[in-house]
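Asks: Quick one, what's the 3D model for this:
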Amino acid sequence: MGFVGLFFAGLAALLHIYIWVMESLTWTSARTRATFGLTEEEALATKELAFNQGFYNLFLAIITLAGIVIGGIGYNWVGIALMFAGVGSMLAAALVLLLSSPDKAKAALAQGIFPLIAIVLLAVAVTL
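Replies: Numbers count the residues shown, from 1 in each chain. Below you'll find the model as predicted:
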């Protein structure tokens, strides 16, 4: 159960790195605009905001990956704490998106499903 939780935490981190790439590096590209449903004008107007938001996603991924690595070298409780901080924040952000913009439920689900699965599996693993 713990290994599967680590796997989903890793998937969540990789997804958030991909979101960072889209928000911070390719925000105005046609493909990213299509993903977020933006016109070229909207993308240009929100480019600085997206750049900043992307780095939040990157930092959450780094925290989660640091937890996986630190746990893997034997500091289990520190690693678990970092993973819960990372994936917990990812899940909280997905819930904020869902509650503030119900029309973006699909994006919130995509952003939050891996962290949710990781949290449940890791919580079960640490209680066994």
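
Asks: Sketch out the low-pLDDT regions of the protein for me.
Replies: 1 (pLDDT under 70).

Asks: Could you state which residue of it sits nearest its centroid?
Replies: Closest residue to the average C-alpha location of the chain: residue 16 at 3.9 Å, with C-alpha atoms, centre = their mean.

Asks: Report all helices and strands that the helix or strand harbouring that one contacts.
Replies: Using DSSP states H and E, residue 16 sits in helix 2-20. When contacts are defined as 3 or more C-beta pairs under 8 Å, 6 or more residues apart in numbering; DSSP states H and E, helix 2-20 packs onto helix 47-72, helix 76-100, helix 105-127. To be clear about C-beta, it is placed using only N, CA and C from the backbone, and glycine gets the same treatment.

Asks: JSON lines please, covering those and showing distance to residue 36 and mean neighbour count.
Replies: Formatted as JSON lines, the helices and strands packed on helix 2-20 follow (distance: least, C-beta to C-beta, whole Å; neighbours: other C-beta atoms under 10 Å):
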{"stretch": "helix 47-72", "distance to residue 36": "8", "mean neighbour count": "18"}
{"stretch": "helix 76-100", "distance to residue 36": "12", "mean neighbour count": "18"}
{"stretch": "helix 105-127", "distance to residue 36": "8", "mean neighbour count": "17"}
